[in-house]
Structures are given as C-alpha cells and as structure tokens.
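Asker: Sequence and predicted structure below; questions after.
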Amino acid sequence: MQLNSFLNISGKDKIFSARENYHKSLLKDLRDKAEIIMNGSGKKATEKLHLQNKLHCRERVNLLIDEGAHFMEIGLFTAYKMYEEYGGAPSAGTIFGIGKVCGRDCVIVANDATVKAGSWFPLTCKKILRAQEISMENLLPIIYLVDSAGVFLPMQDEIFPDKEHFGRIFRNNAVMSSAGIPQIAAIMGPCVAGGAYLPIMSDETIIVEGSGSIFLAGPHLVKAAIGEVTNTEALGGGEVSSSVSGITDENVPDDKTAIEKIRSLVGKFGKTGSAGFDRAVSKPPVFPKEEIYGVIPDDSSKPYNTYELIARIIDDGEFDEYKPDYGQTLITGYARIDGWAVGIVANQREIVKKKMPDGKTKSSSEMQFGGVIYSDSADKAARFIMNCNQRKIPLVFLQDVTGFMVGSASEHGGIIKDGAKMVNAVANSTVPKITIITGNSYGAGNYAMCGKAYDPRFIFAYPNAKIAVMGGAQASNVLLNIKIGQMKKLGREIHEDDKKEFLEEIHTRYDEQTNVMYAAARLWIDGIIDPACTRETISYCIELCDHNPYIPKFNVGVIQT
C-alpha cells in the first residue's frame, strides 16, 4: 500500500502552521536548556580543569569518537531540577551515549568533574546501570572515562545497599567480562573507595600521570584509620599503580595520550556477528520529514491522522498494513525505515468510523475514539507482534495512547483479557523493540505500547510528550470526587471556590509531573528527540541492535483466547 495515495497535507494552512510553530518553539526551549546542562557547572569550572592539565568530559568524548561521527547521547536531562538542595547535578554529573570509535559502535561513560568533583548521586548510578544494560543487550564495547570523587555521601543511603544501587555496577562488570563484552577504563582523575572497582574490574585500565589516582581509602581516611601519613601520589598515583601495585596496565602523561591509547586498542577488536535484520537500499519518505511538526497537534487532546506521521518516517511511503479494516485504533504494518525492515505498531489518533458489512457507518455512539485501545485493536496487535517475532523483524512502537477503553460494554466484551494478550506479547517479544512517545502515554496504554517497564532496547520521546497514569483532567475529577466523599463523611461540604482551588492545584502538579522533562530527569526515557530526526534515530538504534546475533526463541506463555 502506498501511503501517498490518500494523504493530503498542504503544509500551508493555518492549522499546520500553528502546529509547526508550536513544536519548533518547544525544540528551541529544549535546546536552550540542553546548552546550559552541557556546560556542567559552568565555564569557570571547565577552565579550572584546564589549569590542572585535564579536559572536560565532553572534550574527552569528542576526541575519543571518530572525527565527524554522531554521538547519540542518552540521559542528557537526567536529574533536571533535582538535588537542588545540594546545588543541583546537571546530567547527574555523568554523560553517556553511543558513538563510533575506529568505526566500531561503543558505549561511552564519562564523569563530569565540574559537578561535585564527579560524585555519584542516586541517578548517576541509575544512568551508569542503563549504559551497561545497553552494552549488554546489544553486545557493544563499553569505555569508562573515570574522574570521580565517589559516592555523594549526604545521599549514601539511596545509592549504596540495594539491588539497583552502586554495587550492581561492579557485578555487571564481572558479568559483562564473562560474556566477552570488551570494557576499557581510563582513570583521568580521582577514583576512590567502591568506585575504584569499576576501572579495575574492566578488562584493561589506563591511568593518567599526575591527575589520575586510585585507592580504597584516601590519605585523610588512612590517617584516621591507622595513623599513617601519606599523600595521593604515594598511595595510588599513576606510577605506583602501574609499576608497584600493578593494578593499572599503563601510565600515560595526559588525557590526549590516554584517548589515543583507547582508540588504538579499540581499532584492533575483532569483528562480531550480526542479528541479520534485513536492510535494503534506503529511500526517502514521500513527504518531507520536517512536516512532522505540522502533523502533530499543539494540544495533546486533539485528534490527528497517524498515517500522516508514518508517511514522513517510512521509506517511499511503502506500507504493508496488517488487518487494515480491523481494530482500527491501532495501526500495524510492515515497512522500511532508512532501509531497515520494521514492524510498526502505532496508535491511530483519529476517531474511527467503522464500516458495517452493508457499507453503512456505525452510529456516532458506536464510533471508536482515537488513541484508545479497544479489544479488537489489542487482539490485532498481539497477533502482529507474534508475526514480527516469527520473522525476525524489529518492532517500532509509535506511542500516543490515552489507555484502554473503559465502560460496561468494554468490560463485558473482555477488554482486560484482550489487553492482557497484547501486554503478554509485548513482554515476551524477543526481537528488538524501539519506542517513540509522540504524544500521550497514559495508564496501561504505556505498558501495552512498550513503555520503559517492558524493556524496549531504546525509548525516546518528542518534546510534547506526556507520561502519567491518566490525563490531568481525569485525575483532577477523580481526586475531587474522593475529596468530596471524605468531606461528606465528616459532615462537611466543599464550597465551589474550594473545588476550583483544589482542581487548579491538581492541574498544576499534574502539568509538572506529566511534562516530558520530568520523565527525562528520572530516566523513564532515554532522551527527547527532534521529531524531524525520528528516521535517523530509529535507524541507528536498529544498527546497534543488529550487533547482537543472539535472539532467544519467542514464547508467549499462557494467553486466554
């Protein structure tokens, strides 16, 4: 099926222009915030590093990756507006992403020494664990550029003892090494206490003379514990650790030399296998990808035709739709994105006017609302996901969902059962899943459309995305009804002015918590992308997934029919 056969957006009408301006404004605001965050603690802090013969973490990464190569940063907005009682922690004091080093895709993790001397906050730990997860899932080498004072002690109880805390990182070091995933570390600053295990449990470790140091206890703690007076260099500097204790493999004079050494090592890695995902010659979409700005509404409650979005993402408008006349609030079909074969599962945001066998359209009361998953939609999606797993086709979820349909008719029709079938298929899918949240992401719809809890290999969102258990308007009314009930039990009434104030309070809180920046700060998503870069993002993600040739057998377990 050719999507250009029935789509018609001029790109010049007032609605299109208003949408375009809205999304471009969101992007500008996002880029302004990103520019501030990427400076860490500011230019003065970076200048201080330079006086110490050290490079900023972003300068290190730029030298490490191939000239002109793209660095797909993950978690740039981590910890946004968090830890403010401690002065904040831009990007959680650590950057990570994927880039090519000597032509080889590598995960790169680098501490930002301008942020609390590279100390580890709770979200720093979560971020590094996500880096290791991406490395393990896609069998990508990982490079650690270490420059950290260790755990941020005022918050040690939130980072030290639990399963997903600090110690899990070193456990992962061991597991990754046994799986044959290369790990290289460069100690470019202090590396203290438990943090010392990360580079030493890597396969090869380089240390920078004069700035790098590694020990379980620093000079002050050594004096307090056993009375010994020593200094950083004598305890665990470059010369001691490489020629006396032997815990590092090479001592180099500066950051640039360390990075050149890493590139030389990576350049000699042997080739790995491929998952074998099908890729043909890439063809551009039938409509300019920049028109996505005018396709997505400037109000998340407004409907739009999701085929318009798909037509600006897939190659040449070629879309083999699966069950096009059934379960129409979900669009399922096969296509190519930058040449890669993909299976697309997308929420249709238009109101669906279902045709009956006699050719007549159902009454308005029986029409299906866009963005809502009905029983037939869930059933269709589950079957389509099974097909993609059988055929080794990666799945792309375009998520703009307000949830599953509610009400007595849906409950009697088995919406929970059919929804469970879809969730089961998503949970057990073994081909790579890539999720793009293009608008709403509410309730169980988030789960069914492969939200973070369902292990997408990568998950990104547009700047207008909203993530919550339900929409602000619905939540406000539910909470208001609960409050009215509580007041009545106490023999009191709630006045209209109080109702209005309460609703405004809930709306304000929900607006903050559903905002995409709130999600990005907590690593519920890997990043916020420019909608016009959707094709490139998905293509690179599949390229990364293709590095892992091992795809487990698909088995959905028990599904009620």
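Answerer: Now that the structure is in, tell me what you want to look at. Residues are numbered from 1 along each chain as shown.

Asker: Output the lowest mean pLDDT helix or strand found in the protein.
Answerer: None of the helices or strands of the chain scores lower by mean pLDDT, DSSP states H and E than helix 472-489, at a mean of 71.

Asker: For that helix, name the packing helices and strands.
Answerer: helix 496-514 (3 or more C-beta pairs under 8 Å, 6 or more residues apart in numbering; DSSP states H and E). Backbone N, C-alpha and C define where each C-beta goes, glycine included.

Asker: Show me what the next helix or strand after the helix it packs on is packed against.
Answerer: Per DSSP states H and E, the first helix or strand lying C-terminal to helix 496-514 is helix 516-521. Packing partners of helix 516-521 (3+ C-beta pairs under 8 Å, 6+ apart): strand 458-461, strand 466-468, strand 527-528.

Asker: one more time with 10 Å
Answerer: Counting contacts by 3 or more C-beta pairs under 10 Å, 6 or more residues apart in numbering; DSSP states H and E, helix 516-521 packs against helix 14-38, strand 433-442, strand 458-461, strand 466-468, helix 496-514, strand 527-528.

Asker: Now K261. Nearest residue, chain neighbours left out?
Answerer: I206 (5.6 Å; C-beta to C-beta, 6 or more residues apart in numbering).

Asker: Next up, the contacts around the one you found.
Answerer: I206 sits next to 146, 184-188, 199, 212, 238, 242, 248-252, 257-259, 261-262, 265 when contact means C-beta atoms under 10 Å, 6 or more residues apart in numbering.

Asker: And for L49?
Answerer: G40, L55, H56, C57, E59, D112, A113, T114, D147, G189, S211, D255.

Asker: from those, which would you call buried?
Answerer: G40, L55, H56, C57, E59, D112, A113, T114, D147, G189, S211, D255 (16 or more other C-beta atoms under 10 Å).

Asker: Now name the helix or strand holding the fifth one.
Answerer: Okay, so that is E59. In the assignment (DSSP H and E), E59 maps to helix 57-64.

Asker: so where do the helices sit in the stretch 101-250 of the chain?
Answerer: 122-138, 166-178, 197-200, 219-226, 232-236, 238-239 (DSSP state H, counting those that start in this stretch).

Asker: Next, the buried residues of the longest one.
Answerer: Neighbour counts using 16+ other C-beta under 10 Å place 122-132, 134-138 of helix 122-138 among the buried residues.

Asker: and what of the second one?
Answerer: For helix 166-178, burial by neighbour count (16+ other C-beta under 10 Å) applies to F166, G167, R168, I169, F170, N172, N173, M176.

Asker: thinking again about what came up before, need the CA coordinates for the helix holding E59. PDB is fine.
Answerer: Taking Å, rounded to 0.1, in the frame of the first residue of the first chain, the C-alpha atoms of helix 57-64 are listed here in PDB:
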ATOM      1  CA  CYS A  57      34.300  15.200  29.900                       C
ATOM      2  CA  ARG A  58      32.700  16.400  26.700                       C
ATOM      3  CA  GLU A  59      36.100  17.300  25.300                       C
ATOM      4  CA  ARG A  60      37.300  13.800  26.100                       C
ATOM      5  CA  VAL A  61      34.400  12.200  24.400                       C
ATOM      6  CA  ASN A  62      34.800  14.400  21.300                       C
ATOM      7  CA  LEU A  63      38.400  13.300  21.000                       C
ATOM      8  CA  LEU A  64      37.500   9.700  21.500                       C
END
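
Asker: Which neighbours in the sheet does the helix or strand sitting right after that helix along the chain have, and how are they oriented?
Answerer: Of the helices and strands lying after helix 57-64 in sequence (DSSP H and E), the nearest is strand 72-74. When pairs are called by DSSP bridges, strand 72-74 turns out to pair with strand 94-101 (antiparallel).

Asker: so how far is the partner strand off the chain centroid?
Answerer: With C-alpha atoms, centre = their mean, to the nearest Å as the basis, strand 94-101 stands 14 Å off its chain's centre.

Asker: Helix 57-64 and that strand, what's the angle between them?
Answerer: 10 degrees (axes from the mean of the first three to the mean of the last three C-alpha atoms, to 10 degrees).

Asker: now the residue located most distally from the centre of the chain, what's its secondary structure?
Answerer: Ranked by distance from the centre of the chain (C-alpha atoms, centre = their mean), the top residue is G491, with 48.4 Å. Following DSSP: H, G, I helix; E, B strand; the rest coil, G491 is assigned to coil.

Asker: ok, and the closest non-adjacent residue to M386?
Answerer: Using C-beta to C-beta, 6+ apart, the closest residue to M386 is A425 (6.0 Å).

Asker: coming back round to it: now the least confident helix or strand of the chain and strand 433-442, what's the angle there?
Answerer: Using the same axes, to 10 degrees: helix 472-489 against strand 433-442 is 50 degrees.

Asker: What score does E366 have for pLDDT?
Answerer: On pLDDT, E366 comes in at 58.

Asker: Next: Q2.
Answerer: 76.

Asker: State the distance from L198 to T257.
Answerer: Applying C-beta to C-beta, to the nearest Å, the value for L198 to T257 is 21 Å.

Asker: Let me fix that, I meant to ask about R509.
Answerer: 51 Å.

Asker: Repeat that for D530.
Answerer: Distance of D530 to T257, computed by C-beta to C-beta: 36 Å.

Asker: The two: which has the busier surroundings?
Answerer: Neighbour count, other C-beta atoms under 10 Å: between D530 and T257, D530 has more, with 20 against 16.

Asker: Next, work out how far apart A521 and K127 are.
Answerer: Distance from A521 to K127, by C-beta to C-beta: 11 Å.

Asker: Touching both of these two, which residues are there?
Answerer: Listed as contacting both A521 and K127 by C-beta under 10 Å, 6+ apart are G75, T78, A79, A92.

Asker: biggest separation within the residues you listed, which pair?
Answerer: G75 and A79 (9.0 Å; C-beta to C-beta).

Asker: okay, and the common contacts of the two?
Answerer: With C-beta under 10 Å, 6+ apart, G75 and A79 have common neighbours S91, A92, T94, L123, T124, K126, K127, A520, A521, R522, L523.

Asker: Could you measure from L129 over to M82?
Answerer: 17 Å.

Asker: Flag the shaky bits of this protein, pLDDT-wise.
Answerer: 5-12, 353-367, 470-476, 559-561 (pLDDT under 70).

Asker: rewinding a little: quick check on the shared contacts of A521 and K127: which are buried?
Answerer: G75, T78, A79, A92.

Asker: P285 - that's part of a helix, no?
Answerer: No. Per three-state DSSP, P285 lies outside any helix segment and is coil.

Asker: Quick one: residues contacting the residue nearest to it when sequence neighbours are not counted.
Answerer: Leaving aside its sequence neighbours, P285 sits nearest to R312 (C-beta to C-beta, 6+ apart; 5.1 Å). Listed by C-beta under 10 Å, 6+ apart, the contact partners of R312 are 3, 7, 9, 285-295, 531-532, 534-535.

Asker: how about 8 Å then?
Answerer: P285, F287, P288, K289, E291, I292, V295 (C-beta atoms under 8 Å, 6 or more residues apart in numbering).

Asker: Of those residues, grab the buried ones for ChimeraX.
Answerer: Entered in ChimeraX, the line below selects the buried ones among these, by 16+ other C-beta under 10 Å:
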select :285,287,289,291,292,295
